[in-house]
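>>> sequence below, structure please.
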Amino acid sequence: MGRVGVIVGSGLSRLQSSGEVDSLDTGITPYGPTSASLRRHTLAGTNIVVLARHGQKHSIAPHEINYRANVWALKTAGANIVISLATVGGIGNRYGPGVIAIPDQILDYTENRAHTFFQDHEPVTHIDFTYPFCEELRELLIHSATEANVDVVKHGTYAATQGPRLETSAEVSKLERDGADIVGMTGMPEAALARELGLCYASIALVVNHAAGRGQGVVTRSEIENVYARGTDRLLDILVAAVPKAEQLGFELPDPIRPGSG
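Numbers count the residues shown, from 1 in each chain. Below you'll find the predicted structure:
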C-alpha cells in the first residue's frame, strides 16, 4: 500500500475526501475505531495512505480522537513513515499567521488521553523521546520545502494542549515561558505513539492564528479559515516534493527500553 502515511488535520479536503477506501475498516483495531477509513492515494507517482484525524466530516474533537487506533491502523496498513499535517496558533514573533513550521520539540499539556500501547505489558517498557520527531524525516521536509520554493521555519517547540477550547492569554504566556513557539491540540499522544511503534514521524505545522493575547482582539473562525485557505497549496507543494523521497528514506530510531525486573 505504500510506506508513507499522511495524517490530515483541518483542511486538505482533496486528500480527506477522495481516493480509494482501503479494506481496513474503522472499528477493527485492537484499540477501537479509527477516526475515518484509510484512503489510498497516488501523490507524485507514489502510493500513500491518508487518514483524516478529525473524521471525514471534521466531527471529532482533539480530546476525543482515538490516537492509538489511528497510529495502529497506519502501521498495520504498511506505513512506517508518517507525515502529520497540523494547524497551530503562533506564540513567538517568528510564528505569525501563514507561517509554516517543521517543529523539533514538544511540550505535553494534555490529560486523560490513552497515551501508550505499553500499558498492562510485562516487562515495563519505555521509549527514548529526547527528540520526539524523526530527524531524518524533518530534514527531508525542510529540504523539500526549499525545493518547492516554500518558506518554512526549520525549528519550533510545539505545545500540545487538551482542548477543545482555545487557551487564555495567561496560559499562552505560561507556554511561552516554558519555551513553546506554537500551540496545537493533536501533537500528543500522536507523536509518542508513533515512536512506540517504531514509525518515523514528523509534522508540518501551519500557523493559522496568533495565539491568545498575541494578536489584535479575539481569535475568530473566519481568520483561521482565511489563512488555511491561503496555506493549503503550500502544504501540498511540500508533500508533492517530499513523498517520493520519503518512500526511500532510511532511518534509525532508539530501541524501546525494557529494564529487567527486580
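>>> give me the element Ala192 is part of.
Assigned by DSSP states H and E, Ala192 belongs to helix 190-196.
>>> the next helix-or-strand element following that helix pairs with which strands, parallel or anti?
Using DSSP H and E, the helix or strand that follows helix 190-196 towards the C-terminus is strand 200-210. Strand 200-210 has the following strand partners under DSSP bridges: strand 81-90 (parallel), strand 100-101 (antiparallel).
>>> okay, now the sheet partners of the helix or strand following the shortest one, with direction.
Put plainly, it is strand 100-101. Later in the chain than strand 100-101, the nearest helix or strand by DSSP H and E is strand 105-108. Here strand 105-108 is paired, per DSSP bridges, with strand 157-160 (parallel).
>>> export the helix or strand following the partner strand as CSV, just CAs?
Once strand 157-160 ends, the next helix or strand along the chain (criterion: DSSP H and E) is helix 169-178. Output of helix 169-178 as CSV, limited to C-alpha atoms (Å, rounded to 0.1, in the frame of the first residue of the first chain):
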residue,chain,number,x,y,z
SER,A,169,-3.9,34.8,27.3
ALA,A,170,-2.3,33.9,30.6
GLU,A,171,-2.0,30.3,29.6
VAL,A,172,-0.2,31.3,26.4
SER,A,173,2.2,33.5,28.5
LYS,A,174,2.9,30.4,30.6
LEU,A,175,3.5,28.3,27.4
GLU,A,176,5.9,31.0,26.2
ARG,A,177,7.8,31.0,29.5
ASP,A,178,8.1,27.2,29.2
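>>> neighbours of the closest residue to Thr157 other than its chain neighbours, how many?
Sequence neighbours aside, Gln105 is the residue nearest to Thr157 in space, at 4.2 Å (criterion: Cβ to Cβ, 6 or more residues apart in numbering). Bear in mind the C-beta positions are built from the backbone N, C-alpha and C, glycine included. By the criterion of other Cβ atoms under 10 Å, Gln105 has 16 neighbours.
>>> contacts only, for Gln105.
For Gln105, the contacting residues are 131-133, 155-158, 179, by Cβ atoms under 8 Å, 6 or more residues apart in numbering.
>>> could you report the distance from it to Asn209?
Here the distance between Gln105 and Asn209 works out to 21 Å (Cβ to Cβ, to the nearest Å).
>>> could you check how far the closest residue in space to Thr125 that isn't next to it in sequence is from Tyr31?
Among residues not flanking Thr125 along the chain, Phe118 sits closest, at 4.4 Å (Cβ to Cβ, 6+ apart). In this view, Phe118 and Tyr31 are 13 Å apart by Cβ to Cβ.
>>> likewise Ala77?
15 Å.
>>> got a list of what Leu206 touches?
Contacts for Leu206 (Cβ under 8 Å, 6+ apart) come out as 85-88, 98-100, 227-228, 231, 234-235.
>>> neighbour-wise, which of these leads?
In terms of neighbour count, Val88 stands highest of the contacts of Leu206 at 28 neighbours, by other Cβ under 10 Å.
>>> before we move on, the earlier item: and the strands paired with strand 200-210 as JSON lines, adding mean pLDDT and distance to Asn70?
Below are the strands paired with strand 200-210 laid out as JSON lines (pLDDT from 0 to 100; distance: least, Cβ to Cβ, whole Å):
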{"stretch": "strand 81-90", "mean pLDDT": "96", "distance to Asn70": "10"}
{"stretch": "strand 100-101", "mean pLDDT": "98", "distance to Asn70": "22"}
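>>> quick one: closest of those to Gly163.
Among those, the nearest to Gly163 by Cβ to Cβ is strand 81-90 (11.4 Å).
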